[in-house]
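Visitor: Here is my input; please provide its structure:
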Amino acid sequence: MTLSELNEHRNIVEQWRKAQEQLTELEAKELGAASYDGMPHSTTVGSRTESLAIMLARNREKVDEWKRAKDSSQKRIMSFIDTIDDVLTFNIFVYRFIECLDWKDVAAQVKGGNTVDSVKSICYRYLGLPNTQSGTVCPK
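Guide: Modelled structure (predicted):
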């Protein structure tokens, strides 16, 4: 497993989360648009509601596509992470690449006085990367 593949999974998760947020916003608009008292107040209500329904359907499809991509990628990533014997390294990889935490949050989760630099070093060392890359990859 390469760092690039691990980061690609993080990107997929990010896209899935963004698509979910957009869907939630559209659903909130739909609720506002669906407040009817039985009488139309505008001749454009139908077309506005129809447009919103079409956008909702498209966004639901997008969320489903990203979720399938996320689930497939996560299964592959977890297969790799499950081979890590060291508990600290295992936890670092789960927090960083499955839960998609920032490095400072990974360090806080693993505790034990670990710093951002120390958890990055553990990750990169496990992947066989030089420490000089820690400042240029996975920036968050």
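Visitor: Please name the residues that touch residue 16.
Guide: Neighbour list for residue 16: 63, 66-67, 69-70 [criterion: C-beta atoms under 8 Å, 6 or more residues apart in numbering]. The way it works is simple: take the backbone N, C-alpha and C, and place the C-beta from them, glycine included.
Visitor: And residue 77, by the same measure?
Guide: If you count contacts by C-beta under 8 Å, 6+ apart, then residue 77 has 1, 5-6, 9, 97-98 around it.
Visitor: any idea which helix is longest in the protein?
Guide: Among the segments of the chain that qualify as a helix by DSSP state H, the longest is helix 45-81.
Visitor: And for residue 14, the neighbour number?
Guide: Residue 14 has 13 neighbours, counted by other C-beta atoms under 10 Å.
Visitor: typed the wrong thing, it's residue 122
Guide: So residue 122, with other C-beta under 10 Å, has 19 neighbours.
Visitor: List the residues that contact it.
Guide: Listed by C-beta under 8 Å, 6+ apart, the contact partners of residue 122 are 88-89, 92.
Visitor: Of those residues, select the buried ones using a PyMOL command.
Guide: Buried members of those, defined by 16 or more other C-beta atoms under 10 Å, are picked up in PyMOL with:
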select buried, resi 89+92
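Visitor: Just put the contacts of residue 122 in CSV and tack on secondary structure, pLDDT and distance to residue 49.
Guide: What follows is the contacts of residue 122, written out as CSV (DSSP: H, G, I helix; E, B strand; the rest coil; pLDDT from 0 to 100; distance: C-beta to C-beta, whole Å):
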residue, secondary structure, pLDDT, distance to residue 49
88, helix, 97, 54
89, helix, 97, 53
92, helix, 97, 48
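Visitor: which one of the contacts of residue 122 is nearest residue 79?
Guide: Nearest to residue 79, judged by C-beta to C-beta, of the contacts of residue 122 is residue 89 at 15.8 Å.
Visitor: Low-confidence ranges, the chain, go.
Guide: By pLDDT under 70, the weakly predicted segments of the chain are 30-46, 131-140.
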